Every structure is written in C-alpha cells, then in structure tokens.
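K.L.:
What would the 3D arrangement of this be:
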Amino acid sequence: MKKIQMVDLQGQYQQIKEAVNTSIEEVLNTSAYINGPLVHEFQADLEKYLGVKHVIPCANGTDALQIAMMGLGLEQGDEVITADFTFAATVEVIALLKLTPVLVDVDARTYNIDIDALKRAITPKTKAIVPVHLFGQVANMDAVLEIAKEHNLFVIEDNAQAIGANYAFKDGTKKKAGTIGNVGTTSFFPSKNLGCYGDGGAIFTNDDELAHIIRGIVNHGMYTRYYHDVVGVNSRLDSLQAGVLKAKLPLLDNYCNARRNAARFYNQALSVSKHIITPTTSFCGEICDTCDCHVFHQYTLQITNGKRDDLHKHLLEKGIPNAIYYPVALHSQKAYADTRYKESDFPVTNELIKTVISLPMHTELDKEQLTFITKTILDFVN
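P.N.:
Modelled structure (predicted):
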C-alpha cells in the first residue's frame, strides 16, 4: 500500500503534469508575471464555470473576504454575523476592518450557520451575514437570503471550502456556491478542491457596480495607473498561480466526484459503529448517486464515546494522517473573546470541538487505503 497522505498534491500533480508545466512555461517565456494573459483567461474560464458575471482574482482567500467587505462600504461598528465553528480568517477580517463580529452557533447536522441563532443575533446595527460553506457543503441559503431581505442585510459567502458545490433552492433552481449572495469569496490554497501551488483567491459577484469597486480595491485603488480613486490594497493573483488554476479548473468536477466517492466509502464502512456520526448532506441525507450539494473539502466525523483524542493519536501511530478542525471555538479564542458571549449560546460548537476528527480526503485515495483507514478506526473505536 502506498503511503497515506492527508492531501496528496504530488499524486495529483503527476496526473496533470503536462498541462501545468505548459502553463508555467508560458508565463516564464512571456515574463508576464503580474496580471498576465493567463490571469484573464482563468478569470473568464471561472466566470463561465460558475455562471457568474464577475470573477475578480486576488492574492488569497483572506484578502478576498476583506476586500468584499471593503467593497460593500461597511463602516466601523457595523455588526457582521458569522458562524462560531470555522477557521479564524472569517472573523479576522471583520475585526481588522474595525467592524463588530457577532458569532453564532452552528447546525448539528451540517456544521453550517444555525438559522435560529442567526435570527436571534440580529440587531439594528447588523449590516451583513457571512455564511461559511463549511467542509464543502453549502449553508441554508434559502433561509439566509430571506432573513437578509427582511432586514436589508448584505450576504457575503465564505466559499473557501465549497467551490464546485451546487445549491438547490426550494423552487428547484440551482446555483453554484459563492454566486448566491451579494458577493462570494474563495481561496485557492493548495489543499483546496481547486488549489494552486501557493496562495491565491477570488471574489465573485453579479453586481456590476460592486465588481467595479472591487477591481479598484485589489489594485491599490487604481482604475487608471497612478490615479487612486478609492482606498485599496495590493492583492493580485500572480500569473504562475493562474496558470496552475487554469490547468486544473476543467478537472474540478472530476475532483469533487472523486472526493464524494471516497466519502461514500467512508460512510458505508463507518456508519455501522454506534460511536461514530458520519457526515450527512443537506438535501439527500446520505451521499446519493447524484449528490452535488457537498464537495467534501474535508471528511469530518464525530466520535461520541469520548475517545476522539485517543483515536487521533492512534491513527498517527498507524501512519494515518488526520486533523482536528477546529479544536478551539472562535468565541473562546483570546483575540475574539467578548463578554457578550455565553457558553450556553454555543451548545453545538462546544460539543463539536470535543468530538470532530477529519480523515484523509483527496482525489488520489484508493480502495486499499480507504479499507485500511476504516478498519483501523473501527477496530479502535469498537
């Protein structure tokens, strides 16, 4: 059996080596390292794939979130509601802009923002909601959009983990994750379903005026060189990374399908244990044959018998990489602690930080590896 990787980027590269190398050589040969032709070509390809009017590439996913909020004109003291159970980047940018982060609990089934908790958190100062499509599954956007419309709020999708996922509305129509709210953001960190070989990110919107503002912000506030119309930042996707992403984008749906197939194997094998809660999807519960609402950036279990930390160590000893996302809730982090928060406000998050564990998940997992991983888990847990 080949060595198990948490994310096998080397194995994936071997499958796309020729296309990636061709793109990189094109950049090297033209020396168009910043804002070169491949950046614009990738941008156009991604707009077509997502069915969105505007994709604005930028330097990373955290910048994407910050720039989206800057583009919406949020002001100091405005409250922005987001999920407590996620990576810190989401709340980090809210604080950096001197906005007021408001953390709420998540749904026990999907780990995405809890709609009832969201409703309770709204005040006259609330200006925006940031639903995080955690681990690859889209949040309940029907409900989020209804709430936003009722209270005249912006919706900023944190789509760093769910690019390629579809969301089916109540009326049967579908949209790609990240294209549903006023603005969406994503990360192209190497381990993402669509990842480059360094840092990268992008912002999506169908709003022409907002897109114009954001295009200035990412480039020092310039629309014409040396004329600064808005306060901006320096956040550009470089051409080498765009070349990698352009080579990988046509394979994104295949990558997501490979992850879903691995997730199905995990679910079928591990759901036999009463001590394991396997992931479910919003629309079909289990991972049905036509599932497209979850792209499994992470495959995350809950271990309910109190042995999560012991299992984490045991798997490492057996050569099986794994991770705990996230061991400390955002409301408990020193940087974001606030007297407004009560532990009773976060029952689900406080349970998840004690029980979740994420298993190897990538496009190169094979049956032998999956069988070894699941057998090792079952033998230990049972």
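
K.L.:
now the helices: where do they sit in the stretch 151-300 of the chain?
P.N.:
208-217, 239-248, 252-270 (DSSP state H, counting those that start in this stretch).

K.L.:
next one: the stretch 1-150 of the chain
P.N.:
9-30, 37-50, 61-71, 89-96, 115-121, 141-151.

K.L.:
Nearest to Asp292 among these would be which one?
P.N.:
Nearest of those to Asp292, taken as C-beta to C-beta: helix 37-50 at 13.6 Å. In short, each C-beta sits where N, CA and C put it, glycine included.

K.L.:
In that closest one, which residues are buried?
P.N.:
Within helix 37-50, the residues that count as buried by 16 or more other C-beta atoms under 10 Å are 38-39, 42-43, 45-47, 49-50.

K.L.:
which of those lies closest to Glu79?
P.N.:
Leu50 (29.0 Å).

K.L.:
wouldn't that closest one be in contact with Thr179 here?
P.N.:
Yes - if you go by C-beta atoms under 8 Å, Leu50 and Thr179 touch, sitting 5.3 Å apart.

K.L.:
Give the intersection of the neighbour lists for those two.
P.N.:
Counting by C-beta atoms under 8 Å, 6 or more residues apart in numbering, the contacts common to Leu50 and Thr179 are Phe204.

K.L.:
what's the closest non-adjacent residue to the residue nearest the centre of the chain?
P.N.:
By C-alpha atoms, centre = their mean, the chain has its centre lying nearest to Gln161, at 2.0 Å. Closest residue to Gln161 apart from its sequence neighbours, by C-beta to C-beta, 6 or more residues apart in numbering: His297 at 4.1 Å.

K.L.:
Distance of the one you found relative to Cys256?
P.N.:
9 Å (C-beta to C-beta, to the nearest Å).

K.L.:
Need the residues touching each of these two.
P.N.:
Joint contacts of His297 and Cys256 (C-beta under 8 Å, 6+ apart) are Asn193.

K.L.:
just so I have it, where are all the strands in this protein?
P.N.:
For the chain, the strands defined by DSSP state E cover 54-58, 79-83, 100-104, 126-130, 154-158, 166-168, 174-176, 183-187, 201-205, 222-224, 227-228, 276-277, 299-303, 356-359.

K.L.:
Same list (those strands) but as JSON lines, adding distance to Leu28, mean pLDDT and mean neighbour count.
P.N.:
JSON lines is the format used below for the strands of the chain (distance: least, C-beta to C-beta, whole Å; pLDDT from 0 to 100; neighbours: other C-beta atoms under 10 Å):
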{"stretch": "strand 54-58", "distance to Leu28": "19", "mean pLDDT": "98", "mean neighbour count": "25"}
{"stretch": "strand 79-83", "distance to Leu28": "40", "mean pLDDT": "98", "mean neighbour count": "24"}
{"stretch": "strand 100-104", "distance to Leu28": "42", "mean pLDDT": "98", "mean neighbour count": "23"}
{"stretch": "strand 126-130", "distance to Leu28": "38", "mean pLDDT": "98", "mean neighbour count": "24"}
{"stretch": "strand 154-158", "distance to Leu28": "34", "mean pLDDT": "98", "mean neighbour count": "26"}
{"stretch": "strand 166-168", "distance to Leu28": "36", "mean pLDDT": "94", "mean neighbour count": "19"}
{"stretch": "strand 174-176", "distance to Leu28": "32", "mean pLDDT": "97", "mean neighbour count": "16"}
{"stretch": "strand 183-187", "distance to Leu28": "25", "mean pLDDT": "98", "mean neighbour count": "29"}
{"stretch": "strand 201-205", "distance to Leu28": "23", "mean pLDDT": "98", "mean neighbour count": "28"}
{"stretch": "strand 222-224", "distance to Leu28": "27", "mean pLDDT": "95", "mean neighbour count": "12"}
{"stretch": "strand 227-228", "distance to Leu28": "32", "mean pLDDT": "96", "mean neighbour count": "12"}
{"stretch": "strand 276-277", "distance to Leu28": "48", "mean pLDDT": "96", "mean neighbour count": "21"}
{"stretch": "strand 299-303", "distance to Leu28": "37", "mean pLDDT": "98", "mean neighbour count": "23"}
{"stretch": "strand 356-359", "distance to Leu28": "36", "mean pLDDT": "98", "mean neighbour count": "21"}
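
K.L.:
and the ones you listed as a markdown table, adding distance to Ile213?
P.N.:
Output for the strands of the chain, formatted as a markdown table (distance: least, C-beta to C-beta, whole Å):
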| stretch | distance to Ile213 |
| --- | --- |
| strand 54-58 | 10 |
| strand 79-83 | 18 |
| strand 100-104 | 22 |
| strand 126-130 | 15 |
| strand 154-158 | 13 |
| strand 166-168 | 26 |
| strand 174-176 | 22 |
| strand 183-187 | 10 |
| strand 201-205 | 10 |
| strand 222-224 | 10 |
| strand 227-228 | 13 |
| strand 276-277 | 43 |
| strand 299-303 | 36 |
| strand 356-359 | 37 |
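
K.L.:
Val231: neighbour count?
P.N.:
10 (other C-beta atoms under 10 Å).

K.L.:
Check whether it really touches Val218, as I assumed.
P.N.:
No - contact criterion C-beta under 8 Å: Val231 and Val218 do not qualify, at 12.0 Å.

K.L.:
Could you list the low-pLDDT ranges of the protein?
P.N.:
Scanning the chain with the threshold set as pLDDT under 70 gives 283, 285.

K.L.:
can we see that at 90?
P.N.:
172, 280-293, 382 (pLDDT under 90).

K.L.:
Identify the residues contacting Thr30.
P.N.:
Thr30 touches 36-37, counting by C-beta under 8 Å, 6+ apart.

K.L.:
if we can go back for a sec, dump the helices of the stretch 1-150 of the chain to a markdown table, plus distance to Asn261.
P.N.:
A markdown table is the format used below for the helices of the stretch 1-150 of the chain (distance: least, C-beta to C-beta, whole Å):
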| stretch | distance to Asn261 |
| --- | --- |
| helix 9-30 | 15 |
| helix 37-50 | 21 |
| helix 61-71 | 26 |
| helix 89-96 | 29 |
| helix 115-121 | 30 |
| helix 141-151 | 26 |
